[in-house]
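1. 3D model of this:
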Amino acid sequence: MSDNVVLIATIANGIISVLMTFIGIWLLGRMIGGAIFVIRYVPETHNRSLEQIEHYLHDWLSNEEPQARSTPAVKKTL
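-> Residues are numbered from 1 along each chain as shown. You can find the predicted model right below:
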């Protein structure tokens, strides 16, 4: 009886470990993908505040035209 319980617990532990590993890899991929999206598709993110980036993403996701904000946009320098 005791050997069967240990065997079942060991198998369950292995299955849970594999599932958690795949979930962790998936979440890491989502985070890296999100960072790549922000770097590539949000203009001038390195010169903008977090609030400006949030407004831009909100407008983009809601399919609205970007609205003028109280804080001026940073001009690009050559």
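2. helix or strand for residue 5, which one?
-> helix 2-41 (DSSP states H and E).
3. so how far is that helix from its chain's centroid?
-> 16 Å (Cα atoms, centre = their mean, to the nearest Å).
4. could you break the chain into its assigned domains?
-> Taking automatic domain parsing as the reference, the chain has its domains at 2-41, 49-78.
5. give me the neighbour count for residue 56.
-> Around residue 56 there are 21 other residues, counting by other Cβ atoms under 10 Å. C-betas here are computed from N, CA, C, even on glycine.
6. pLDDT value on the residue positioned nearest the centre of the chain, please?
-> With distances taken as Cα atoms, centre = their mean, residue 31 lies nearest the centre of the chain, 3.4 Å away. Looking at residue 31, its pLDDT stands at 91.
7. ok, now which ones touch it?
-> By Cβ atoms under 8 Å, 6 or more residues apart in numbering, the contact list for residue 31 is empty.
8. circling back to that earlier point, the domains of the chain: lowest mean pLDDT?
-> domain 49-78 (a mean of 64).
9. how near is the residue of the chain positioned farthest from its centre to residue 15?
-> What lies farthest from the middle of the chain is residue 1; by Cα atoms, centre = their mean that is 46.2 Å. The spacing between residue 1 and residue 15, counted by Cβ to Cβ, to the nearest Å, is 22 Å.
10. now residue 52
-> For residue 52 relative to residue 15 (Cβ to Cβ), the value is 45 Å.
11. who has more neighbours, the two?
-> Neighbour count, other Cβ under 10 Å: between residue 52 and residue 15, residue 52 has more, with 18 against 10.
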